[in-house]
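**Q** Return a 3D structure for these sequence lines:
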Amino acid sequence: MTSPITAAAFSHTPVLLQECLHYISPITALKPFVTRGAGTGRRRQGLAPTTPAKDTSAYTFVDATFGGGGYTKAILERFPSARVIAIDQDPAAFKEAEALALKIGGDRVLPVRGKFGDMVALLEKELGLKGPCIDGVVFDIGVSSYQIDQGYRGFSFRTDGPLDMRMCSDKVHGPKYDLLANSSLTAEHIVNTFSEPDLANIIYENGDEKKSRRIARAIVKARQAESIKTTKQLADIVLKGAGKYVGAIHPATRTFQALRIYVNDELNQFRQGLLAAETLLKPSGTLVGVTFHSLEDTILKNFLRTTSGATIGLGLRYYKEKGRYGYQGIERYRNRRISEVSSIAAMEKLYQQDIERLEERRKELEEGREVFDVSKNQGDEEGMKPSFQILTKKSVAPSDEEVERNVRARSAKLRAAVRTESEPMGATV
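**A** Numbers count the residues shown, from 1 in each chain. You can find the predicted model right below:
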């Protein structure tokens, strides 16, 4: 087991960095990408290879997931007169932000320790800022390379370590950086005390794991013999319960992802962070989100669809199979609050309600009755005006070259939007 005797410097390679710089600028955000020309690969569009001119405007940006500071450093270089509010709950990341602030001097880097879901309260408490006060915010959602590589954090089974998985946990940096009192839930506690149905639901809902019940059953059986305390123990149990490999992905990957997301309440934090950004952004301020799997991307996509006034087209996700209505993805279930949905039966009920609504819309179309035109970005049915304008019609993926340099960028997606002058819609996503 890895022992946290000393802490390595927090390092993380930011993905889609040039694209982020393009979209976070209130000046260039509305300009389209420059096409690289014909060719094959993951993406045919991208930024021009030339470095954009520096912008001397005195912007205030928020790096909601500071990490190793990659985005913050690039923003400071691109905008010489700007300042960046660097938010992170991770003790190593916060220490890195403090070091960067001291190195650069002045108030160009403003470190704030906490969760980005609490961004509104954090900015008011720590910096005295409230209301529309920032020009851009960037989210880089998920676990960082540094956190994965530090075995004692428990995020990965590649190195044996304790089953912790708390992003705010501290075993190295001292009491100044300790937020353990606010997050006592660990992965070890979950796998050793939660019921088999609860484990199955967590693994299924947060990990997209089809074998969640088998894995939950294996975990409960194994813990009856001895407590599950290390990442290697859990990985071996999942491997035994899930069966052989399918492709190159280790069978425990989705289970570890699910536990990490649940321990840190990542999806709800992201939802709250997006609502906070809607409140804090000035008109023409920009929101940039980089996600790494469908759970996060769906939250961002649905938030932008709702706040831009668009809705999901008729029949987009639904199909009929063997007399039963199915669905492509489980976005609607995941985006409901836990208090509203607590079982598969409740999920199916929600889908049935949606199907009935869609059938009613189809009848309206057939009878020539007026229906909401999703292509005109009109706002919601109560007349609220859109609070965002979407800048990326589709998600932006990293180029082949970037994936070759950093294989962890392969699943990244970027979406961006610009704030309008309308009041926040407070969308539920």
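**Q** pLDDT at Ala93, what is it?
**A** As predicted, Ala93 sits at a pLDDT of 88.
**Q** For it, pull up the helix or strand it's in.
**A** Using DSSP states H and E, Ala93 maps to helix 91-104.
**Q** Number of residues surrounding the residue lying closest to Ile215 once chain neighbours are set aside?
**A** Leaving aside its sequence neighbours, Ile215 sits nearest to Gly241 (C-beta to C-beta, 6 or more residues apart in numbering; 4.6 Å). C-beta here means a position set from N, CA and C on the backbone, and glycine is covered the same way. Neighbourhood size, Gly241 [other C-beta atoms under 10 Å]: 22.
**Q** Surely Gly241 is within a helix?
**A** Yes. Counting by DSSP: H, G, I helix; E, B strand; the rest coil, Gly241 is located in a helix.
**Q** mind listing what it touches?
**A** Lys211, Arg214, Ile215, Arg217, Ala218, Ile219 (C-beta atoms under 8 Å, 6 or more residues apart in numbering).
**Q** quick one: the third one and Leu239 touch, right?
**A** So that's Ile215. No. If you go by C-beta atoms under 8 Å, Ile215 and Leu239 don't touch, sitting 9.6 Å apart.
**Q** Same drill for the two, tell me which one is more crowded.
**A** Shown here are Ile215 and Leu239; by other C-beta under 10 Å, Ile215 has more neighbours (29 against 18).
**Q** hang on, the earlier thing: for ChimeraX, what selects the buried ones among the contacts of Gly241?
**A** ChimeraX command restricting these to the buried ones, with burial defined by 16 or more other C-beta atoms under 10 Å:
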select :211,214,215,218,219
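**Q** what about the nearest residue to Ile104 once chain neighbours are set aside, how many neighbours?
**A** Spatially, and ignoring its direct neighbours in sequence, Ile104 is nearest to Leu76 (6.9 Å; C-beta to C-beta, 6+ apart). The number of residues packed near Leu76 is 20, by other C-beta under 10 Å.
**Q** Next one: Leu76 from Asn192, what distance?
**A** According to C-beta to C-beta, to the nearest Å, Leu76 and Asn192 sit 45 Å apart.
**Q** Helix or strand: which one has Gln389?
**A** strand 388-390.
**Q** Which strand or helix spans Gln233?
**A** For Gln233, the host element (DSSP H and E) is helix 231-242.
**Q** Can you give me the end-to-end span of stretch 275-287?
**A** End-to-end span of stretch 275-287 (C-alpha to C-alpha, to the nearest Å): 11 Å.
**Q** same deal with stretch 396-409?
**A** The first and last residues of stretch 396-409 sit 12 Å apart, counting by C-alpha to C-alpha.
**Q** what comes up buried for that stretch?
**A** Those would be Val396, Ala397, Pro398, Ser399, Glu402, Val403, Arg408, Ala409, for stretch 396-409 by 16+ other C-beta under 10 Å.
**Q** can you tell me how far the third one sits from Leu295?
**A** It stands for Pro398. Here Pro398 is placed at a distance of 19 Å from Leu295 (C-beta to C-beta).
**Q** go on, the fourth one?
**A** Distance of Ser399 to Leu295, computed by C-beta to C-beta: 24 Å.
**Q** For Cys133, give me its contacts.
**A** Residues in contact with Cys133 (C-beta under 8 Å, 6+ apart) are Thr60, Leu123, Leu280, Lys282.
**Q** Mind picking the two most distant members of those?
**A** Spatial extent of the contacts of Cys133 (C-beta to C-beta) is set by the pair Leu123 and Lys282 at 13.2 Å.
**Q** Show me which of those two is the more surrounded one.
**A** Using other C-beta under 10 Å as the criterion, Leu123 and Lys282 rank with Leu123 on top: 25 against 17.
**Q** which element is the more buried one on?
**A** Element membership for Leu123, per DSSP H and E: helix 119-127.
**Q** what's the following helix or strand after that helix?
**A** With elements assigned by DSSP H and E, the helix or strand that comes after helix 119-127 is strand 134-140.
**Q** I'd like the average pLDDT over that following strand.
**A** Mean per-residue pLDDT for strand 134-140: 96.
**Q** And it, what's buried?
**A** Buried positions in strand 134-140, judged by neighbour count with 16+ other C-beta under 10 Å: Ile134, Asp135, Gly136, Val137, Val138, Phe139, Asp140.
**Q** Format those residues as a markdown table; extra columns: distance to Val288.
**A** Rendered in a markdown table, the data for the buried residues of strand 134-140 read as follows (distance: C-beta to C-beta, whole Å):
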| residue | distance to Val288 |
| --- | --- |
| Ile134 | 12 |
| Asp135 | 12 |
| Gly136 | 7 |
| Val137 | 7 |
| Val138 | 5 |
| Phe139 | 7 |
| Asp140 | 9 |
